[in-house]
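Participant: coordinates only, no sequence provided:
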């Protein structure tokens, strides 16, 4: 065991405060990573405030982690000290269920071990996330990062990136297809970049003209304002794929109307109820499909990271010091970030000084 | 023009009564059919009572029509006088949109012409359905029926049959797959027969033990009572395909839990809102899919009819005289039919006598 330093929520009502805690020493298959940057995901806010119930406190959040490998176990094959490495939403899984065997650890039948607010499979100890100086993770759950990318802007790829990349790949988005990205935030802005890099004709579907303009800057070919009934009607039955990144309950019916026959809308943002209810006829008339997707497996996360290196894709980020994380949460609540906060973990030193 | 005789609803509040009306003489591509049997679909009740709005009165319902060809236009290729023939939910479509070109006339972009409560594309005259002695239809919208099948029990195949056959084919149900049919009525009982004939392990999912026993008689391998939480949990994530025939608003969430990863639930019964709302997480955790399907194209309807001849599949029917159609509607409202009423159109003669 060794002492790690980070920031934690001590209970659902407290701000995040400096927190020291023990981490395991690296086992044979583990890598120890010095964390350089950690993205702030909206999930962090939900979990530290226990919005979904069952949270474990104290909680060190953070699952968009990048850094440098400083030590490897003697069984580690993929990494050596000095390598750049990333850790996302999970740090372990059962590894024997069908989904794990199919490289879909995120769908592990026993439940993947979350990077924070989870419990280690063997010890039962709580897992602590990336708002900290170091982390120890089995190499299966660590990805390599190209030195060609701006490392601080890579952090959000570990969650927002894979969450949007995976469905675009799984539903086989191809050059020339018309792809709609619904909502422009941490997920949506990555969806635009990936769909564009895959050769699609990308349409940003948003309520906000200003976001539409920003989407164009990010690579969108077209903007569709969802509040404009005439424009929505003009785009009816014309989309090959819709990536729905809206993070709250919303009405799917107007978006279902945008799909071509036999095409799919995939939810990646809204875990909760979709209200008002979907009308069956809106799917039946065109065999339209609604599905959902959550992050991606480790092999695919590596594939995404390589795709990003090849295409020069990173997230648009705003850097914050760890001491400012509570203010960042308040701004996140107001959607006031373009498009992801990333914590510069060097700022932890300021508390030590 | 010639005079046809049948039964019509004169307004949304009246019972069906004897009604004489004009039909067009057969054009070059038309067949004139002497109607022998017509199934009573739940839609007939909705439409004659204008539950969905916009109904045209007087209305002669009926879109599960079988009979004998008595006259053909000089351009007709598939039929000759004396052939057994069937007509389903549509009698025309635009024929030039992509869906029509793809043999999916039911999804015609301009809207297929409904067999009743629609308007003919050229004349704009109301269409009149199968509760009548004769009908004239373009041969593209007429299917051949094998003389080996019990003709009166064939009628429901034209709607209930194709509505369940088409999604089982489209989503490629295969021998050995575990297929759930949700709900046992006109649609569900056909779903069980087709899925079984396609080689699937068929599970009837119902609220009612009695219906479960009946499903076993129809060919279901297993019964799952949807109100039994323990049984539902035991079947979690085990189904390759779910055919949801429930005709009213219902909660999809418990059924989504039954699907394997990447598998589909298809709505064929519920045109209206699905309430309570679906939870996004229930799709995201397993990339599960919800879709819908409505009848099928004419080529596929013929394929289904041939499949039925090959496998000896017909509907389970209860015969009624046309004079008893209003009582049959009342029993339909109480779900009191196993599993489809079919009108013996010879009974029309009783009114003439």
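Facilitator: Looks like it came in fine. Just so it is clear, the model here is predicted, and its values are computed rather than measured.
Participant: rest of the way, CA atoms for contacts and neighbours
Facilitator: OK.
Participant: number of residues surrounding residue A:84?
Facilitator: 22 (other Cα atoms under 10 Å in any protein chain shown).
Participant: list the contacts of the closest residue to it other than its chain neighbours.
Facilitator: The spatial neighbour of residue A:84 that comes closest, neighbours along the chain excluded (Cα to Cα, 6 or more residues apart in numbering or on different chains), is residue A:68 at 4.6 Å. Applying Cα atoms under 8 Å, 6 or more residues apart in numbering or on different chains to residue A:68 gives the contacts A:33, A:34, A:35, A:36, A:81, A:82, A:83, A:84, A:85.
Participant: and of the residues you listed, the nearest to chain B?
Facilitator: Closest approach to chain B among the contacts of residue A:68 (Cα to the nearest Cα): residue A:85, at 26.5 Å.
Participant: before we move on, what SS does that closest one have?
Facilitator: For residue A:85, the assignment made with DSSP: H, G, I helix; E, B strand; the rest coil gives strand.
Participant: what's the nearest residue to it once chain neighbours are set aside in contact with, if anything?
Facilitator: Counting by Cα to Cα, 6+ apart, residue A:85 lies nearest to residue A:144, which is 4.8 Å off, once chain neighbours are set aside. Neighbouring residues of residue A:144 by Cα under 8 Å, 6+ apart: A:79, A:83, A:84, A:85, A:86, A:302, A:305.
Participant: same thing with residue A:217?
Facilitator: Not one residue lies near residue A:217 by Cα under 8 Å, 6+ apart.
Participant: could I get the buried residue list for the helix or strand encompassing it?
Facilitator: Element membership for residue A:217 (DSSP states H and E) is helix A:209-218. Under the neighbour-count criterion of 16 or more other Cα atoms under 10 Å in any protein chain shown, helix A:209-218 has A:211, A:212, A:214, A:215, A:216 buried.
Participant: again, but for stretch A:147-165
Facilitator: Quick answer for stretch A:147-165 (16+ other Cα under 10 Å): A:149, A:151-165.
Participant: which one of these is nearest residue B:276?
Facilitator: residue A:163 (26.7 Å; Cα to Cα).
Participant: could you look up the SS state of that closest one?
Facilitator: Residue A:163 ends up helix, using three-state DSSP.
Participant: how near is it to chain B?
Facilitator: Distance, residue A:163 to chain B, by Cα to the nearest Cα, to the nearest Å: 11 Å.
Participant: tell me the contacts of that residue?
Facilitator: For residue A:163, the contact set (Cα under 8 Å, 6+ apart) comprises A:187, A:268, A:293, A:294, A:295, A:296.
Participant: at 7 Å what do you get?
Facilitator: Applying Cα atoms under 7 Å, 6 or more residues apart in numbering or on different chains to residue A:163 gives the contacts A:268, A:294, A:295, A:296.
Participant: just the buried positions in stretch A:234-243, please.
Facilitator: Quick answer for stretch A:234-243 (16+ other Cα under 10 Å): A:236, A:237, A:238, A:239, A:240, A:241, A:242, A:243.
Participant: just give me the closest of those to residue B:338.
Facilitator: Nearest to residue B:338 among the buried residues of stretch A:234-243: residue A:237, at 38.6 Å, using Cα to Cα.
Participant: tabulate the buried residues of stretch A:234-243 (a markdown table), appending secondary structure, pLDDT and distance to residue B:118.
Facilitator: Shown next, in a markdown table, are the buried residues of stretch A:234-243 (DSSP: H, G, I helix; E, B strand; the rest coil; pLDDT from 0 to 100; distance: Cα to Cα, whole Å):
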| residue | secondary structure | pLDDT | distance to residue B:118 |
| --- | --- | --- | --- |
| A:236 | coil | 96 | 23 |
| A:237 | coil | 96 | 23 |
| A:238 | coil | 97 | 26 |
| A:239 | strand | 98 | 29 |
| A:240 | strand | 98 | 31 |
| A:241 | strand | 98 | 32 |
| A:242 | strand | 98 | 33 |
| A:243 | strand | 98 | 36 |
